[in-house]
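**Student:** below are the sequence and a predicted model for it; my questions follow.
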Amino acid sequence: RTIIELMTNDVYYSNRYSQFVGPLDIAIQRICKNHMFSELYEIGALCSVLGCSIRSIYPNIDFRDDMVFLNNIFTPIPPITTNCEVTILWSNATNEKHAREANHGTWSPNHFVPLMSTAMSFEFDDSNQSTSNVMTPEKKTFKNNATIQIRIPDFQSSPSRRLRSEINIENDSAQSVISTTIHREPKDIKSQHQSRLEKKREYARTSRMNETNDQRQKRLEKQKKQSQSRRAIETEEQRRDRLEKDRERTRFSRMNETDEQRQIRLEQQRERSEAIRAKKKLKNHASNSNTVQQRNIDIQMNETEEQASCDGDSMG
């Protein structure tokens, strides 16, 4: 049902999430495979399928500025109304140390866990409480060289008090663990970012290598329509932000490219420039040819008219 929802309202979800997790068509191909992790597309579509809001919480581990959108409340597509809210935490099945060791030193989530409210109330029946009489303990002491007995009151905690204390201790312990995790300084941010980008690029390259010409044309046409739809509804501020992000990505990629990658990029730029110049030259040549052809036609028409005029004069 989630995939059907994504395909039914593909323009909406693409406009909303493609800038964060890439093209929707590639994401749908990934979703159809087993053992693939869920991302923003699935969360957004699941809101509409379930008819509820989903509050997403991402821990502050290896956190980056471009991941701020993960800490958000996702709502169903209009006009679906929400009747409840579910809170989920991006997490990993193992502790942070083991998760980093298994992923080349970077931490990444591999499942979601639900978060429940800690507000709880307890009611107890007074008849169930112990009513047995207990002797108050006494203690021997010396005062003015005389042995006397001092009564020491021994207060026994009620069941509700003991239960609340145990809950508070558990909550404090859990809160301490969460606080420690959240406030841990992010490490290897650049490495993790590069790793994820490389995985997405590799997946995109593999998909495009196996596609037919017809599939390629459909993909490019769909990407073009999606891009036009996004740009048609964006505000001037969104347009400036998009252009600035594009320039930043370009600068970042060029700063980290190898000499071989730089040579390939420059060669591709030269090929594109030559293709543009050749196309422009061909267009100008066609335009000049049309102009010359039209001029020749005009000359022939003028000559024909002059000849006809001369023939008329001679007959007269």
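**Tutor:** Alright, I've got the coordinates.

**Student:** so where's the stretch 201-316 of the chain shaky on pLDDT?
**Tutor:** Counting by pLDDT under 70, the stretch 201-316 of the chain contains low-confidence residues at 303, 305-316.

**Student:** can you map out the helices along the stretch 1-150 of the chain?
**Tutor:** Under the criterion DSSP state H, counting those that start in this stretch, the stretch 1-150 of the chain carries helices at the ranges 2-8, 10-21, 24-31, 40-50, 96-101.

**Student:** can you count the residues close to R249?
**Tutor:** The tally of other residues near R249 (other CB atoms under 10 Å) stands at 11. Glycine gets a C-beta too; all of them are placed from N, C-alpha and C.

**Student:** please report how far K281 lies from N288.
**Tutor:** From K281 across to N288, the span is 10 Å (CB to CB, to the nearest Å).

**Student:** ok, back up a step: determine which of the helices of the stretch 1-150 of the chain approaches A275 most closely.
**Tutor:** Proximity to A275 (CB to CB) singles out helix 24-31 among these, at 26.6 Å.

**Student:** and the closest one, what does it pack onto?
**Tutor:** Counting contacts by 3 or more CB pairs under 8 Å, 6 or more residues apart in numbering; DSSP states H and E, helix 24-31 packs against helix 2-8, helix 10-21, helix 40-50, helix 189-209, helix 213-233.

**Student:** which of the ones you listed is buried the deepest?
**Tutor:** Comparing these by mean neighbour count (mean count of other CB atoms under 10 Å), helix 40-50 comes out on top with a mean of 21.

**Student:** let me know the angle separating that helix from helix 10-21.
**Tutor:** Here helix 40-50 points in a direction 140 degrees away from that of helix 10-21 (axes from the mean of the first three to the mean of the last three CA atoms, to 10 degrees).

**Student:** give me the residues contacting helix 40-50.
**Tutor:** 1-3, 5-6, 9, 13, 16-17, 20-21, 24, 27-28, 31, 53-54, 56, 69-70, 74-77, 80, 82, 86, 88 (CB atoms under 8 Å, 6 or more residues apart in numbering).

**Student:** can you do 7 Å?
**Tutor:** Outside helix 40-50, the residues within contact range by CB atoms under 7 Å, 6 or more residues apart in numbering are 1-2, 5-6, 13, 16-17, 20-21, 24, 27, 31, 53-54, 56, 74-77, 80.

**Student:** roughly how far is that helix from the heart of the chain?
**Tutor:** Distance, stretch centre to chain centre, for helix 40-50: 13 Å (CA atoms, centre = their mean, to the nearest Å).

**Student:** just use 16 as the starting number from now, easier for me
**Tutor:** Taking 16 as the first residue, the last one we looked at is helix 55-65.

**Student:** avg pLDDT for that helix?
**Tutor:** Helix 55-65 carries an average pLDDT of 86.

**Student:** cool, and stretch 90-102?
**Tutor:** 85.

**Student:** any idea how far apart the tips of that stretch sit?
**Tutor:** With CA to CA, to the nearest Å applied, stretch 90-102 spans 12 Å between its terminal residues.

**Student:** list the buried ones in it?
**Tutor:** Across stretch 90-102, burial judged by 16 or more other CB atoms under 10 Å covers 90-91, 101.

**Student:** out of those, who's nearest R287?
**Tutor:** For the buried residues of stretch 90-102, the nearest to R287 is T90 (42.0 Å; CB to CB).

**Student:** mean confidence for stretch 68-81?
**Tutor:** Rounded mean pLDDT across stretch 68-81 is 81.

**Student:** just the endpoints, please. Distance across it?
**Tutor:** Stretch 68-81: ends 22 Å apart by CA to CA.
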